[in-house]
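Undergrad: sharing a model prediction with you, sequence too.
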Amino acid sequence: MDPVRLGHACRVLRIRSRWRQEDLAARAKVSRSAISRIERGRIGSVTLGKLRRVSEALDADLDIRLRWNGEGLDRLLDQAHAGLVEVLVERLRIAGWEVEVEASFAIGGERGSVDVAAYHRQRGVVLVTEVKSVVPDSQATIHGLDRKSRLAPQIAAARGWRCRSVSRMLVIGDSATSRRRIAQLSATYGVAFPVVGRAAQAWLREPDRPISGLLFLPFARPANVRAGTTGVQRVRTPIRRAGGANHAPGEPMRRPVDPNRSLRPG
């Protein structure tokens, strides 16, 4: 995120709306001085929450990106995403769904792709899924799923699927952090995705009605990916024991041998 460009963009959008800094501050529920700092690109002391509220007041999306080691971060994220897609595709196929991964579409002026599009031929149900390895931006994700669900009948028709009803599902990599973040936004996610957990899993086996669901799935490692690169992992610090050796978690502790101890007679 370029602070100077962000500040300039906020100022341009504010002026376009014919607002003073005080007007924008009131709508975003922040101080006028915070607006001034943002517009000057001095955001070091401005919290992320304030930046989001200002962006929402301007009817704009805040895009913060983390970059690391060239494309290295993208590869790690792609591996985690691929593992989740693998688990989802396997479950859908076992439940009798026809599946297409990265189902692209170009309908009118709208283009994009569905992470996993599925069709239950017996029920005539088309399922649109969004797969995320981490908890996404809620507004952008809900908006994206709404758009793809609206286009689902046409996406299905292009594949020869006779659509009777459309359902949508958000799939998130299962971790304590992901569950905690969803819980913090329980009201939003509860309205957008009321069918969760076991109910969502049961529906995949028997899609008897249109739903909007949320499902946590474990990460799986594709066959061509090295171990230890996908999913959510914990970093555990080795326990330093006497003599300078490291003790890995779960390994039984062994008492160090005293080299000066006299040997017992046999």
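TA: Looks like it arrived, so ask away.
Undergrad: run through who's touching stretch 17-29.
TA: For stretch 17-29, contacts defined as C-beta atoms under 8 Å, 6 or more residues apart in numbering pick out 10, 14, 31-32, 34-36, 39, 50, 53-54, 56-58. From N, CA and C alone the C-beta is placed, and that goes for glycine too.
Undergrad: for PyMOL, write the selection for the buried entries among those.
TA: Buried residues within these, by 16 or more other C-beta atoms under 10 Å, are selected in PyMOL with:
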select buried, resi 10+14+34+35+39+50+53+54+57+58
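Undergrad: could you identify the most distant pair in the contacts of stretch 17-29?
TA: Spanning the widest gap among those are S36 and E56, at 18.8 Å by C-beta to C-beta.
Undergrad: picking up where we left off before, list just the nearest of the contacts of stretch 17-29 to L145.
TA: Looking across the contacts of stretch 17-29 and measuring by C-beta to C-beta, the closest to L145 is E56, at 19.1 Å.
Undergrad: list the residues that contact the closest one.
TA: Neighbours of E56 in contact, by C-beta under 8 Å, 6+ apart: A28.
Undergrad: for it, which three-state class applies?
TA: helix (DSSP: H, G, I helix; E, B strand; the rest coil).
Undergrad: mind checking how far T188 is from G144?
TA: Counting by C-beta to C-beta, to the nearest Å, the gap from T188 to G144 is 15 Å.
Undergrad: host element of G213?
TA: Element membership of G213 [criterion: DSSP states H and E] is strand 212-217.
Undergrad: the residue lying closest to P210 once chain neighbours are set aside and E56, how far apart?
TA: The shortest distance from P210 to any non-neighbouring residue, by C-beta to C-beta, 6 or more residues apart in numbering, is to S165 (4.5 Å). Distance from S165 to E56, counting by C-beta to C-beta: 33 Å.
Undergrad: looking at T188 and G144, which one has more neighbours?
TA: Neighbours were counted for T188 and for G144 using other C-beta atoms under 10 Å; G144 has more, 17 against 13.
Undergrad: residue contacts, the more buried one?
TA: Going by C-beta under 8 Å, 6+ apart, G144 touches 112, 130.
Undergrad: what segments of the protein are strands?
TA: Using DSSP state E, the strands of the chain run over residues 98-107, 110-120, 125-132, 165-173, 195-196, 212-217, 239-240, 246-247.
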